Every structure is written in structure tokens, then in C-alpha cells.
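In: sequence? don't have it. structure:
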């Protein structure tokens, strides 16, 4: 058997409704449920667009020149039945003045059924020597696939929260869009896990932000992407983090030179977006069990053989 990837996209806007196949723990699906679903989505998208225009101030005196179009990229692995393996987010930058649409960065948000399995099924029994290896190989196979390369010209960048188990120190390095770089030499479990996917990490606190973000990437993060592309990723993922982790990313004071993120921080503002963090954690465990039953047990050996070639 030779597994193959297929992908399809869904526009993330105020009319977004999760498909029956989407992972229910994604940031997108969580925002799109409940009585206030449409207002949630509208508020989140407004936050994203406003933050992008705040970062991209050149030739943008009114602060409203740009809007971001967001597409959820759902990746299925044919085994031979389709299993929804990965979900990422693609950003496009729409210039309201010229009408031009510029490709942004793909990746950004990242969700994966195998990662749910690794963290909620395997990890509680102790850290295995091969933790994350299979997931990393599947991810790299996806990046090498015709399905990815025919659609996207650049490698992905994944942007998530820094770890609450590590301390970060501000450096003197500063980028005009990414902002001030922080360093953390020890590496968190998440850093190691993404490393198995062939991704390096750097931490930057963008201008106007209150905490550094973790950017997982291949190649040269600072020079492989344009300022507009980097701003698109920052605006999108910082907004999600403000909603998901307001104690860190919507704090009322900025991170100091030596910074230890904490979800116990009490001096923060709550965005006008409903988000059920407890539900997200619970569903992650359920989806890890689902992956064990429907992917790892019937197809785990096939995946091992395929990714080892």
C-alpha cells in the first residue's frame, strides 16, 4: 500500500461552519459553536484585520488598507480509506486599495490527530524513546508530496504560544515585523516534538505585543518570507492566542527581559470572544483515543513501513 495525501480548503469567515470531518478541538471549530458563533467569528476576524493593519503601517495612513482571507487546509491520508490527518491555516493578504491578493504563509495554526494520540494516549504512560518520530515522518512526507508542492511554493511556518514550563530571556536582536527576539536554550517538549517534524524554533515578541510567540519553521525565518507575509501570520495567530490564552497574550503589561509565561497571571483583559478551553482539552483526549482505534491499530505498521523508506 502506498498512502497518498489529498487536501481541501474551507474559508474561515463569519459564516464558517465546521464540517463533519474537522477536528473538534481546533481553534476554528471551538469559535464556531454556540449561540454567539457568528458574533464570535466576526469579532475574531476583526481583531485579525486590525492587528495586521497595525503591523503594516507603511502607505496605510487610515489603518484599514488590508484584510486577510483565511482558508482552513484539511489534509486527508488515503489508507485506502481517507483519514483526516492534519489541519493547517493558509493566509492571503487582500489590498483594498489596489485589489491585489498576495499569498501569505501556510501553516500558522496546526492540529493533528496523531499528535492527539501521542500526547493523550502515549505520553501519560511515560515518555517513549520514539516519541513524535512517526508523526514527524508523516508530516515531512506531506511536505514532500505532490499535494503540498502543487499548491504551496514555500515551506510552512507554525506559530503557537510559548511554553509555561520554560523561562525566556530577551536578546538584543530585533526585526522590524517579528520584533524583539527571546532565547530559551533548554527546549520544551513541544519544541522537541516539532523538531521531529524537521522544524526549528525562534521566539519573537512583535511590536505592540505583550509576550513572545514561538515560530516553528524550516530555512531562514527572517529572510525567506516578506514583511507582509510575516505580519499575516503574527496578526492571525496572536489573535487566536489572545482568545485561547488571554492570561499571557492579552496581559495588561508586556513581558519583562526575563520572562516565565503563566496561566495563573491575573492582570489581563478578556476578549469579546467565547472560547471553551476545558472542552478543548477534553476533546483532545477523545480524539487521541479515536486515532488509536481507527488509525494506529489498523494502519500503524503500514505507516511505519511507509515513512521508513
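Out: Received the coordinates, thanks. As the structure is a prediction and not an experimental result, all values here were calculated from the model. Numbers count the residues shown, from 1 in each chain.
In: For stretch 160-171, what is the spacing between the initial and final residues?
Out: One end of stretch 160-171 sits 20 Å from the other (Cα to Cα, to the nearest Å).
In: buried sites along it?
Out: For stretch 160-171, burial by neighbour count (16 or more other Cβ atoms under 10 Å) applies to 160, 161, 162, 163, 166, 168, 170. All C-beta atoms are positioned from the backbone trio N, CA, C, and that covers glycine.
In: Take these and keep only those in strands.
Out: Of the positions in these, 160, 161, 168, 170 sit in strands, assigned by DSSP state E.
In: quick one: contacts for the nearest residue to residue 224 once chain neighbours are set aside?
Out: In this structure, residue 224 finds its nearest non-sequential neighbour in residue 154, 6.8 Å apart by Cβ to Cβ, 6 or more residues apart in numbering. Going by Cβ atoms under 8 Å, 6 or more residues apart in numbering, residue 154 touches 105, 106, 224, 225.
In: Tell me how far the second one lies from residue 60.
Out: Look at residue 106 and residue 60: by Cβ to Cβ, to the nearest Å, they are 24 Å apart.
In: Then the third one?
Out: Here residue 224 is placed at a distance of 24 Å from residue 60 (Cβ to Cβ).
In: one step back: with pLDDT as new columns, can the ones in strands among the buried residues of stretch 160-171 be given to me in JSON lines?
Out: Below are those laid out as JSON lines (pLDDT from 0 to 100):
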{"residue": "160", "pLDDT": "96"}
{"residue": "161", "pLDDT": "96"}
{"residue": "168", "pLDDT": "97"}
{"residue": "170", "pLDDT": "98"}
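In: Could you give the number of residues near residue 79?
Out: For residue 79, the neighbour count with other Cβ atoms under 10 Å is 18.
In: re the thing from before, how about the residue nearest to residue 224, secondary structure?
Out: Of the three states, residue 154 takes coil under DSSP: H, G, I helix; E, B strand; the rest coil.
In: about what we covered before: I'd like the ones in strands among the buried residues of stretch 160-171 laid out as TSV, including distance to residue 307.
Out: Shown next, in TSV, are these (distance: Cβ to Cβ, whole Å):
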residue	distance to residue 307
160	24
161	28
168	33
170	39
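In: Look up phi and psi at the residue at minimal distance from the centre of the chain.
Out: Nearest residue to the geometric centre of the chain (Cα atoms, centre = their mean): residue 109, 1.8 Å. Dihedral pair for residue 109: phi -70, psi 150, per degrees, to the nearest 10.
In: That one contacts residue 89, doesn't it?
Out: Yes - the pair residue 109 / residue 89 is scored as a contact, 4.4 Å apart, by Cβ atoms under 8 Å.
In: And the pLDDT at residue 280?
Out: At residue 280, the pLDDT value in this model is 60.
In: If I look at residue 21, what pLDDT would I see?
Out: Per the predicted model, pLDDT is 51 at residue 21.
In: Where does pLDDT dip in the stretch 151-300 of the chain?
Out: 276-281 (pLDDT under 70).
In: give me that answer again for 90
Out: For the stretch 151-300 of the chain, applying pLDDT under 90 flags the ranges 185-187, 270-287.
In: cool, and the stretch 1-150 of the chain?
Out: Scanning the stretch 1-150 of the chain for pLDDT under 90 picks out the ranges 1-3, 13-41, 79-81.
In: where exactly do the helices run in the stretch 101-250 of the chain?
Out: Ranges of helices in the stretch 101-250 of the chain, per DSSP state H, counting those that start in this stretch, are 113-117, 133-144, 146-149, 189-195, 227-244, 246-249.
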